[in-house]
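Below are the sequence and a predicted model for it; my questions follow.
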Amino acid sequence: MNAFFASVEQKANPLLRGKPIIVCGNPEGRSTVATASYEARPFGIKAGMSLGEARRRCPQAILVEGNPSKYVYTSLQILDILQEYSPRVEPFSIDEAFVDLSGTQRLLGPALRVAKSIKWRIRKELGLTCSMGIAPNKLLAKLASGMEKPDGLVVIPKEKVSQVLNDLPVDRLCGIGQKTTKILNRLGIFTCCQLQRYPLKNLESLFGKNGLALHNIASGIDQSPVSYYFSEPKAKSMGHDLTLEKDIYDRSELKIVLLQLCEKVARRLRKGRYRAKTVGLVLRYKNFTTFIRQKTAHSFLDQGKQIYYYAEKLLEKFNLSLGIRMIGVRVSNLTQGLQELSLFPWQEKEAALTKAVDNINDLYGELTIFWANRFKTPFQST
Amino acid sequence: MKNLVEERIKVLVGFLGDKIIPLRFSWKGRTIKIKEITYSWKDRQGISPLHHFTVSDGQNLYEICYNPILSHWTLAKIECE
């Protein structure tokens, strides 16, 4: 989708149409840009940029507080439309999806006609535009979809793959990020063609098993299938971050936020019937340097207090005198469906209490019951 | 300018298949005729589904919300130019 959150807000509010808008967290506080409308993009505003920086670049931009439930609902509407064309629809993010049209030609006609029909329906039913790419695999389709924005439709036929990839900068391909690009650039590799020609052995010695993956990416090879919408992949990790309203120097103040984040992560774990063994703490200092530390527990965890126990220990290792701007909690090393037996009666009591709290929050909505220390600090999620 | 209201309102609606179409609503003794539904979406508050609509009377933009479990409508926000 094109500037998805911003386009939804402009559709919902005619007063925002044709104007530079920025969808963000709390516009009054410190948050980051979630999406900028196309009118705001010429000013250099990009997702992830701090709101302060965005304001400096485009003072006339209108700040709109994001409404995640609106975007999730719209995303599901789009997936419903896509599923009318193929059973193989794989969401890639809230505003991106892959559709396998390899077996629908006889029923629906050529892929180009189907793509035009999908674009037309999304525009007619939801009032939004999207860019689409048609190609022999997911890697190239993703590349094609980004070639013409907004409202584009690009086809990369099999016979033109090598021509398209020839002079393409390596960082344009999905799977080659900033860090990898830097390393490749140091080796004198700037284009896909140069990466294809670079000896595979050398790539493998530098990047391990990812060496072959990089070689394949540069050659436009991607054999991963488009999975079914409902075959949701198992989560590998979960986390929540929070950009603080003001820089925090005080450990006890930060611990209050930390407990809330741990509870939020734990609630997500329990909802998916996951348990985690590794807890990570992310801290971003006032000067934007970011550090992460993690610790592996002796048993699997799904309670906020349990996760907090490890996160608090990790926090002790950080020096807070520089001021903390963002804090995040991550859990990984997940298992699903595992139920460990409690050895002590108090563990059973705690589990029963958590279950009761979860039931109440399920019935009446999130945060009907929450930790009382939440009242002590502003808690604004990003 | 955006104002949070969160007040109970009475809404006259029509139906198009299973779609709810708000037509007009009364608020503070005034009847506001809806000229355009600019957006609609659904979410939940606990077990209650909530139907949200952003609607325009040609001048102002309103966000109204229907809770089918409690059978009530709320005017959530008003935005004036």
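Alright, I've got the coordinates. Residues are numbered from 1 along each chain as shown, chains lettered A, B, ... in the order given.

count of neighbours near the residue nearest to A:Asp362 when sequence neighbours are not counted?
Leaving aside its sequence neighbours, A:Asp362 sits nearest to B:Gly46 (C-beta to C-beta, 6 or more residues apart in numbering or on different chains; 6.4 Å). From N, CA and C alone the C-beta is placed, and that goes for glycine too. The number of residues packed near B:Gly46 is 14, by other C-beta atoms under 10 Å in any protein chain shown.

So what's the predicted local confidence for B:Gly46?
At B:Gly46, the pLDDT value in this model is 85.

same deal with B:Leu4?
79.

List the residues that contact it.
B:76-77 (C-beta atoms under 8 Å, 6 or more residues apart in numbering or on different chains).

before we move on, what about A:Asp151?
A:2, A:119, A:129-131.

hey, what's the most centrally placed residue in chain A bridged with?
Per C-alpha atoms, centre = their mean, the C-alpha nearest to the average position across chain A is that of A:Ser93, at 6.6 Å. Here A:Ser93 sits in beta bridges with A:Glu96, going by DSSP bridges.

Relative to chain B, how far out is it?
Computed with C-beta to the nearest C-beta, to the nearest Å, the distance linking A:Ser93 and chain B is 19 Å.

And that residue, how close does it get to A:Leu82?
From A:Ser93 across to A:Leu82, the span is 14 Å (C-beta to C-beta, to the nearest Å).

what's the burial count for A:Arg275?
If you count neighbours by other C-beta under 10 Å, A:Arg275 ends up with 24.

Just read off the phi/psi values of it.
Backbone torsions for A:Arg275, taken as degrees, to the nearest 10, come to phi -140, psi 150.

and the closest residue to it other than its chain neighbours, what element?
Excluding the flanking residues, the one nearest A:Arg275 by C-beta to C-beta, 6+ apart is A:Phe300, at 3.6 Å. In the assignment (DSSP states H and E), A:Phe300 maps to strand A:290-301.

List the buried residues in the next helix-or-strand element following that strand.
Next along the chain after strand A:290-301, taking DSSP H and E as the criterion, comes helix A:304-316. Across helix A:304-316, burial judged by 16 or more other C-beta atoms under 10 Å in any protein chain shown covers A:304, A:306-308, A:310-312, A:314-315.

which residues sit against stretch A:10-27?
Contacts of stretch A:10-27 (C-beta under 8 Å, 6+ apart): A:5-6, A:9, A:31-37, A:39-40, A:43, A:45, A:51, A:54, A:58, A:60-66, A:70, A:126-128, A:243, A:380-382, B:36, B:38-39, B:54, B:56, B:61, B:79, B:81.

Show me which residues of chain B sit near chain A.
Residues of chain B lying close to chain A by C-beta under 8 Å from any C-beta of the partner chain are B:36, B:38-39, B:41-48, B:52, B:54, B:56, B:61, B:79, B:81.

Which of the helices and strands in the chain ranks last by mean pLDDT?
Chain wasn't specified; assuming chain A. Scoring the helices and strands of chain A by mean pLDDT, DSSP states H and E places helix A:345-364 at the bottom, with a mean of 88.

Could you name the helices and strands sitting against that helix?
helix A:251-271 (3 or more C-beta pairs under 8 Å, 6 or more residues apart in numbering or on different chains; DSSP states H and E).

Please work out the average pLDDT along the helix it packs on.
On average, helix A:251-271 scores 93.

neighbours around the residue nearest to A:Arg275, how many?
For A:Phe300, the count of nearby residues is 17 (other C-beta under 10 Å).

That one reaches A:Thr335, doesn't it?
Yes. Under the criterion of C-beta atoms under 8 Å, A:Phe300 makes contact with A:Thr335 at 5.8 Å.

give the contact list for the spatially most central residue of chain B.
Nearest to the geometric centre of chain B sits B:Ile64, at 2.2 Å (C-alpha atoms, centre = their mean). Each residue near B:Ile64 by C-beta under 8 Å, 6+ apart is listed here: B:9, B:11, B:22, B:25, B:52-53, B:55, B:73-76.

residues near A:Pro199, how many?
A:Pro199: 10 surrounding residues under other C-beta under 10 Å.

Please disregard the earlier target; I meant A:Ile360.
A:Ile360, neighbours per other C-beta under 10 Å, totals 13.

hmm, back to that, ok, which pair from the contacts of A:Asp151 is furthest apart?
Using C-beta to C-beta, these reach their maximum pairwise distance at A:Asn2 and A:Lys119, which is 10.9 Å.

Give me the common contacts of these two.
With C-beta under 8 Å, 6+ apart, A:Asn2 and A:Lys119 have common neighbours A:129-130, A:151.

With respect to chain B, which of those residues is nearest?
A:Thr129 (15.3 Å; C-beta to the nearest C-beta).

SS state for the closest residue to the closest one other than its chain neighbours?
Leaving out its chain neighbours, the residue that sits closest to A:Thr129 by C-beta to C-beta, 6+ apart is A:Asp151, at 4.2 Å. Per DSSP: H, G, I helix; E, B strand; the rest coil, the secondary structure class of A:Asp151 is coil.

what about the strands in the chain?
Unless you meant another one, I'm taking chain A. A:21-24, A:33-36, A:62-65, A:89-93, A:96-99, A:132-134, A:153-155, A:237-248, A:274-285, A:290-301, A:324-336 (DSSP state E).

oops, I was thinking of chain B
B:2-16, B:19-27, B:30-33, B:36-45, B:48-56, B:61-67, B:72-79.

Now distance to A:Ile156 too, for those, in JSON lines please.
What follows is the strands of chain B, written out as JSON lines (distance: least, C-beta to C-beta, whole Å):
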{"stretch": "strand B:2-16", "distance to A:Ile156": "41"}
{"stretch": "strand B:19-27", "distance to A:Ile156": "39"}
{"stretch": "strand B:30-33", "distance to A:Ile156": "50"}
{"stretch": "strand B:36-45", "distance to A:Ile156": "34"}
{"stretch": "strand B:48-56", "distance to A:Ile156": "38"}
{"stretch": "strand B:61-67", "distance to A:Ile156": "42"}
{"stretch": "strand B:72-79", "distance to A:Ile156": "43"}
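
For A:Ile62, list each beta-bridge partner.
Bridge pairing for A:Ile62 (DSSP bridges) gives the partners A:Ile21.
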